[in-house]
Structures are given as structure tokens and as C-alpha cells.
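# Model the following, please.
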Amino acid sequence: MTTRTDVSYDPYDRQIDADPYSVYQRLRHEAPLYYNEEYDFYAVSRFDDVQRGLIDRETFSSARGSVLEFIKANIEMPPGIVIFEDPPLHDIHRGLLSRVFTPKKMIALEHKVREFCARVLDPLVGAGRFDFVADLGAQIPMRTIGMLLGVPESDQEEARNLADASLRTDPGKPMEVAADNIGQADFFSDYIDWRTTHPSDDLMSELLFVEFEDETGTTRRLTRDEVLMFVSVVSGAGNETTNRLIGWMGKVLAEHPAQRRDLVGDRSLVNNAIEELLRFEPPTPHVARYVARDVTLYDEIVPAGSAIICLTGSANRDEHKYDEPDRFDIHRTIRQHLTFGYGIHFCLGAALARLEGRVALDEVLSRFPEWDVDWDNARRAPTSTVRGWDSLPVVTG
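Residues are numbered from 1 along each chain as shown. All right, here's what the predicted structure looks like:
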């Protein structure tokens, strides 16, 4: 199935990235197992195949990363990058972080997220325009994650910028990676040292002093380097993807004004609107896996040692899973999408991302029931791992 079609999928192609869904559809129909010779990777695009790639960890391993460039670089991953780990290490590290990212604790944050939204949106009322990314998407996740980590507001923007920069690529080119540029641990060094002697009610302090049983059966605390990596990963993951979700919120609802009016009139629809946005325009359109053992897909052997991309953005529009999948519909019954992954690597921050998205949309609608995108000044983000906007200015009614 990998050689019987002329369909071409290049994850770095800016034209494809602008609107990949016609290519995804052709892949699902013509090449459900696709091979890219230039970059030497396989790809699966159908919902069931993507879901299998996310849960069959014996075949599709995360231990070499979930980003194609990391897998191809063949570098040893430092401990603490939970999404780049397999059990048992993954389960131990995820268990430590899951204490913070419980749905109950996330719901308790809602009043703070609303305060953050009010702080950035209220001064924009009457201005006639604002930027969904610069004014909102880049601010709300930064402030929320900064508060959870214990980073002062004066330094939160630098932490966000470092996380963003680590994902940036030159247009049309893969990300350059090396073992010494994973995350932004150096930025957090002073904070970790301070919290060692001045603990507080934040994630850094909890990670520094929690005792756990590691993979060798030893009860211990995390090392300083392990804490640094945990904090770095949480900062990066929590900022980038939710930022992109908020950008898509501005674009998609501008293009569907009737559904936006439905939301203005009935806020009980907001939760489902966020789920449909996540399905329709996922901030993370694909994840990669290392093929740990030979596997047969569509009568072809994918050899051990290969890299395979699971196209979640395609799976979310699979005709076999959803009726009229290319139609955006906030009234749709959404039983499942794969934007947050599936199985043991289901996104730890999913409850937080949903909360931030829901609150941000609710607060925007309260102040700006109508808007149109200023396309002349909109800019897409040059990344190979997330998809969205660097700037999405809108003109408000």
C-alpha cells in the first residue's frame, strides 16, 4: 500500500501544513500505510491504526521520543520526559506528576484562569481589535503554568519564549535536535535551588520533596536534574499547545458565525465547542513512535528500527469514525477524539487545557460576541510538532 499512489505527505511542507486535510483524506483512502523516502518514515492515517499506534507500546515505543526528529537523531533521552518514556519508568514519573494534574485540582483553578482572562481582555474592550494569540493564547497558559510551577509573573514570559523557541523550525525544514538542547532546564536552575530551602505550595516544591519508589525498588527523592527536566517539560507542554488551541478558536469561530451566535446565546454549548475544536483543528496533528519490532500493516512489513508517524489530525476526520468529519459542528456528539492521545500517554494536562479553552472562550464571548480575522496580518507558527498561529488579529464588532 505504500507505493501504489502518487499521494505525497511531507510534514515540513508549509503548503500542506496550511490545510493538510485533503492530503490526509487521500492517505486514508489510497495509502493507509505510507512511506516517505526522503525523510525515511512511515505514517498511518486511519483512526483505528492511529489508536493502535498510541496504545501498542510493545511494538510502537515512546522511549526514543514522540517527535520524528528525536527518533531519527537516535539520542539517549534524559529521564523525566514522560511522553518520551515507556513503562516502568513512564508509570513512575507519570504517577508523580498526576498528583498535580487531577481534574479536581484543575477545576479549583477556574477562578484564577478567569482572573487572568479578565486582566488581559478588559483593557481591549472598545479597541476594535485584539489578537487571539498575542493577547490571549500566549498569556493565559503562560500565567496558569507559571502559577502552578511557582515562577514569578515577571519571569513567566521568558519561560514561555524559551519553550516556544525550542519548537521553532526553519520553514520547510526539520527541527534540529541534540541531547543537550532538550527542554529549557537551565532557566529553572535558580528557582529549583531557591525552592530547595524555601518550599512553597507549587509543583517545584512538591517534586523536590516527594518520596517515591523508583524502577529499582529504591525509595528516594528526585535528583535535582530530574526535577529540572520535569519542570522544563511541564512548562513547554503547557504553554504551546493551549496557545494554539486558542488561536484555532478565533479562526474557526470567525468562519462559522452562526455557531458563534449559538454559543453567545447558550453557554452550555461551550464545553462541546471546545471538544469539536480539538477534533477539528488539533494543535498537535501527529505523534511519532519508534518501531521496536517488525510489524505487518496492510500486507507490508514495517521493520524494527523504523520511525512511524501517527496522524492524529487525520484520525480525527476519519469517515469511518465520524459523520461528515470535515464539517465543524459544535452540536456534534463527540464520543472520542485522539487530540490528547490515547492509553498510557493520554495527555496529563488534558483537564487543564480543556479548562483554559472553555474559560477563554466564555470570557471572549462575553466581551466580543462578533469578530472577523484580519488575514493581512495573520501569521502561522513555523513548527513541525504543533500546528497553529503565531498571530491571529481580529476586528471586533
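# taking the mean pLDDT, what do you get for the longest helix seen in the chain?
What stands out as the longest helix in the chain, according to DSSP state H, is helix 224-255. For helix 224-255, the mean per-residue pLDDT is 89.
# Report all helices and strands that the following helix or strand past that helix contacts.
Where DSSP states H and E defines the elements, the next helix or strand beyond helix 224-255 is helix 257-265. Judged by 3 or more Cβ pairs under 8 Å, 6 or more residues apart in numbering; DSSP states H and E, helix 257-265 is in contact with helix 224-255, helix 270-280, helix 350-367. For every residue, glycine as well, the C-beta is placed using N, CA and C.
# Please identify the most buried of these.
Highest mean neighbour count of the helices and strands packed on helix 257-265: helix 224-255, a mean of 23 (counted as mean count of other Cβ atoms under 10 Å).
# coming back round to it: got the helices and strands packed on helix 257-265 as TSV, with distance to Gly137 columns?
Shown next, in TSV, are these (distance: least, Cβ to Cβ, whole Å):
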stretch	distance to Gly137
helix 224-255	4
helix 270-280	13
helix 350-367	8
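# Indicate which one of the ones you listed is closest to His337.
Ranking the helices and strands packed on helix 257-265 by proximity to His337 (Cβ to Cβ) places helix 270-280 first, at 4.0 Å.
# tilt between that closest one and helix 257-265?
When axes from the mean of the first three to the mean of the last three Cα atoms, to 10 degrees is applied, the directions of helix 270-280 and helix 257-265 differ by 150 degrees.
# Would you mind checking the average pLDDT for helix 270-280?
Mean per-residue pLDDT for helix 270-280: 98.
# residues making contact with it?
With contact meaning Cβ atoms under 8 Å, 6 or more residues apart in numbering, helix 270-280 is reached by 245, 248-249, 252-253, 259, 263, 316-317, 322, 328-332, 334, 337, 339-340, 354, 357-358, 361-362, 365.
# and the angle for that helix with helix 350-367?
With the same axes, to 10 degrees as the basis, helix 270-280 and helix 350-367 are set at 120 degrees to each other.
# any idea how far helix 270-280 is from the chain center?
Averaged C-alpha coordinates place helix 270-280 at 15 Å from its chain's average position (Cα atoms, centre = their mean, to the nearest Å).
# Start at 5, not 1
Will do, 5 is the new start, and the previous item becomes helix 274-284.
# Adjacent strands (with direction) for the next helix or strand after that helix?
Where DSSP H and E defines the elements, the next helix or strand beyond helix 274-284 is strand 291-295. Sheet pairing of strand 291-295 (DSSP bridges) gives strand 64-65 (antiparallel), strand 311-314 (antiparallel).
# How about residues contacting strand 291-295?
In contact with strand 291-295 (Cβ under 8 Å, 6+ apart) are residues 45-46, 57-58, 63-72, 74-75, 306-314, 316, 345.
# Can I get that strand as CSV, trimmed to CA atoms?
What follows is strand 291-295, C-alpha atoms only, in CSV (Å, rounded to 0.1, in the frame of the first residue of the first chain):
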residue,chain,number,x,y,z
VAL,A,291,2.9,12.0,17.1
ALA,A,292,5.8,9.7,16.2
ARG,A,293,6.8,6.3,17.6
TYR,A,294,9.9,4.1,17.2
VAL,A,295,9.0,0.6,15.8
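# If we go by neighbour counts, what in the helix or strand just after it is buried?
As assigned by DSSP H and E, the chain's next helix or strand after strand 291-295 is strand 299-301. For strand 299-301, the neighbour count (16 or more other Cβ atoms under 10 Å) marks Val299, Leu301 as buried.
# Ok, stretch 385-401 next?
By neighbour count with 16+ other Cβ under 10 Å, stretch 385-401 contains the buried residues 385-398, 400.
# same deal with stretch 89-102?
Residues of stretch 89-102 classed as buried under the neighbour-count rule (16+ other Cβ under 10 Å) are Glu89, Asp90, Leu93, His94, Ile96, His97, Arg98, Leu100, Leu101.
# which one among these gets closest to Ala22?
Ala22 has its nearest neighbour among the buried residues of stretch 89-102 in Glu89, at 33.1 Å by Cβ to Cβ.
# For this protein, which segments count as strands?
For the chain, the strands defined by DSSP state E cover 37-40, 45-48, 64-65, 133-135, 215-217, 223-225, 291-295, 299-301, 304-306, 311-314, 375-377, 383-384, 393-395, 397-400.
# No further questions, thank you.
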